[in-house]
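Undergrad: Sequence and predicted structure below; questions after.
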Amino acid sequence: MKLLASSLLLAACVLAAPAFAAMPVQPSLKVTTLDGKPYNIASQRGHWVIVNFWATWCAPCVKELPDISHFVATHKNVKAIGIAYDDTDPADIRAFLKKHPVSFPVAQVTMDKPLQDFDQPLGLPTTWLIGPDGKVAKHFMGPITPASLSTAIGK
C-alpha cells in the first residue's frame, strides 16, 4: 500500500510540475530596445553575438558591462545585445545606462514575460554566446571576461 501511495504521489508531482522545453540550438530573439528600435538576432548572422542577461542591481553585472562593451568595440566580428532582466522602470534603466554607457543595444525583459527561446537565467549575470551560424556556442553562468570570450570564439 505504501508503495502504491508513493508511486501515486510521485506521478502527481511529475504531472503537476511545469513543463520546460529545451532551449533551441538556434534561438530566435526579437525585441524592442530601450531606444525604441527593433532588434532581431537573425540579422546578426555571420557575427558572434553576446546575449547578456543583467540587472541594474547586480554588482557583477555592472562590473562586466564595460568589458563586454570594449570587447564588442574592438572585435569587428562580435556584436552584443544586453537583456536587462529587471522589473525596474524602463526610465530608470535608461538613466542607469547614461551613467554606465555601453556600445551595444539593450532591451528590457521582465521576469513575468521571459524570452521565448532562451532559458530563464538561474542567476545573474548569465550570457549566451551565439555563433556566426546562429547556434548557441557557449553558455556562461556568472561574470564573463574578455579572456573567456576570446577563448570561446577562438581568438
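TA: The structure has been received and is ready for your questions.
Undergrad: low-confidence ranges in the protein?
TA: 1-21 (pLDDT under 70).
Undergrad: Which residue ranges of it form helices?
TA: Per DSSP state H, the chain carries helices over the ranges 2-16, 59-74, 90-99, 146-153.
Undergrad: Pull out the buried positions in the shortest one.
TA: Spelled out, it's helix 146-153. By neighbour count on 16 or more other Cβ atoms under 10 Å, the buried set for helix 146-153 is Ser148, Leu149, Ala152, Ile153. (Each C-beta comes from the backbone N, C-alpha and C, glycine too.)
Undergrad: for it, packing partners?
TA: Helix 146-153 sits against helix 59-74, strand 126-130, strand 136-141, with contacts defined as 3 or more Cβ pairs under 8 Å, 6 or more residues apart in numbering; DSSP states H and E.
Undergrad: Just the angle for the last one relative to helix 59-74, thanks.
TA: Which is strand 136-141. 150 degrees (axes from the mean of the first three to the mean of the last three Cα atoms, to 10 degrees).
Undergrad: hmm, who's touching strand 136-141?
TA: By Cβ atoms under 8 Å, 6 or more residues apart in numbering, the list of residues contacting strand 136-141 from outside reads 23, 25-27, 48, 122-123, 125-131, 148, 152-153.
Undergrad: Tell me the buried residues in stretch 50-57?
TA: For stretch 50-57, by 16+ other Cβ under 10 Å, it's Ile50, Val51, Asn52, Phe53, Trp54, Ala55, Thr56.
Undergrad: now swap in stretch 64-72 and tell me
TA: Glu64, Leu65, Asp67, Ile68, Ser69, Phe71, Val72.
Undergrad: Wait, the fourth one touches Pro125, no?
TA: By that I understand Ile68. No: Ile68 is not in contact with Pro125 according to Cβ atoms under 8 Å; the separation is 9.3 Å.
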